[in-house]
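*Asks:* Sequence first, then the predicted structure, then my questions.
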Amino acid sequence: MKLVPASSPGMEAAHKNFQVRTIVDTLLIDHNLLRPVAMFLKKYSSGDQPGFEEALDALSLFQSRSDITGSVAPPEYVTTLIRALRQLYHQKGQSINYQRGAIVEALVCKLICYRYCEPGELCLNNQRFEENHRPITVQEVDVAALSISRKKLEGYECKVSSASFASFDSINLSDLAEEANERQYRVNVGFVAFENDKIMKIKLAKFQLPACINIYSIDNIEILQQLSFLEH
């Protein structure tokens, strides 16, 4: 089994974007930022939307403290985050949407990648799983991790909104889990979105997801860092 790159040019460029990397790195510095930033990214698809500037200003006050002069200022990493968000939304066209999606994908990749640090192990965005040129996943998997030597793998479909998931995403992950189980691999697959748990379950009900596909919302996304059965 191996991973094969399957990214579109737009998403590949998004993952290389400085603002995307900065936002993800900041979220990893302070996990308390995750919920407000996720809700901001979900609500605003353009900087022209009503309330955008007010929402960004409100976000800039997160974790603010008064200094000895009485002035209120946010930590430097929050200031960096706000600057990156503003730059991201000052773009036009599809670039914003690609980069919003790339933030979810890159965040999930960062949360799990520490489990794949041995030689030959991979944890990457936008890959297909293959076996002897035979596709295991017909479509790309947004976050794919594989260790042949330790017989474990992970696959996640990641969206800003769970309304963006399609039926083939479920088929993709089901096929991957089935192949992994046949090889006696430890496996975890799931849908990840920047929404709360209740909304995700309502929107995904139409897919009748099999038991092997887990749901990770903004309420429990950090669980991905703590999957003990995949630690070794």
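*Replies:* It's in. Quick caveat: nothing in here was measured; it's all calculated off a predicted structure.

*Asks:* CA atoms for contacts and neighbours, from now on please.
*Replies:* Noted.

*Asks:* State whether Asp142 is indeed within a helix.
*Replies:* No: according to DSSP: H, G, I helix; E, B strand; the rest coil, Asp142 belongs to no helix; its state is strand.

*Asks:* and it, how far is that from Ser161?
*Replies:* Noted for Asp142: a distance of 14 Å to Ser161, by CA to CA, to the nearest Å.

*Asks:* So which of those two has more stuff around it?
*Replies:* Asp142 (27 against 22; other CA atoms under 10 Å).

*Asks:* Wait, Asn188 touches Leu146, no?
*Replies:* No: Asn188 is not in contact with Leu146 according to CA atoms under 8 Å; the separation is 10.9 Å.

*Asks:* shared neighbours of the two, which are they?
*Replies:* Contact criterion CA atoms under 8 Å, 6 or more residues apart in numbering; residues shared by Asn188 and Leu146: 153-154.

*Asks:* Hmm, Lys151 is touching Gln184, no?
*Replies:* Yes: in this structure, Lys151 is within contact of Gln184 by CA under 8 Å, at 7.4 Å.

*Asks:* Neighbour count for those two, which is higher?
*Replies:* Shown here are Lys151 and Gln184; by other CA under 10 Å, Lys151 has more neighbours (15 against 11).

*Asks:* give the contact list for the more buried one.
*Replies:* 184-186.

*Asks:* so which of the residues you listed comes closest to Gln49?
*Replies:* Closest approach to Gln49 among the contacts of Lys151 (CA to CA): Arg186, at 44.3 Å.

*Asks:* For that closest one, what are phi and psi?
*Replies:* Dihedral pair for Arg186: phi -70, psi 140, per degrees, to the nearest 10.

*Asks:* Would you agree it is in contact with Ala180?
*Replies:* Yes: Arg186 is within contact range of Ala180, at 7.1 Å (criterion: CA under 8 Å).

*Asks:* where does this protein have its least confident helix or strand?
*Replies:* strand 65-66 (a mean of 59; mean pLDDT, DSSP states H and E).

*Asks:* Listing partners with orientation, what would you give for the longest strand along the chain?
*Replies:* For the chain, the longest strand by residue count, based on DSSP state E, is strand 122-131. Strand 122-131 has the following sheet partners, assigned by DSSP bridges: strand 2-5 (antiparallel), strand 134-135 (antiparallel), strand 141-147 (antiparallel).

*Asks:* now that strand: mean pLDDT?
*Replies:* Averaging pLDDT along strand 122-131 gives 95.

*Asks:* Name the residues that touch that strand?
*Replies:* 1-7, 105-106, 109, 112-113, 116, 135-147, 176.

*Asks:* Now, of those residues, which are buried?
*Replies:* Those of the contacts of strand 122-131 that meet the buried threshold are 1-4, 6-7, 105-106, 109, 112-113, 116, 135-147, 176, by 16 or more other CA atoms under 10 Å.
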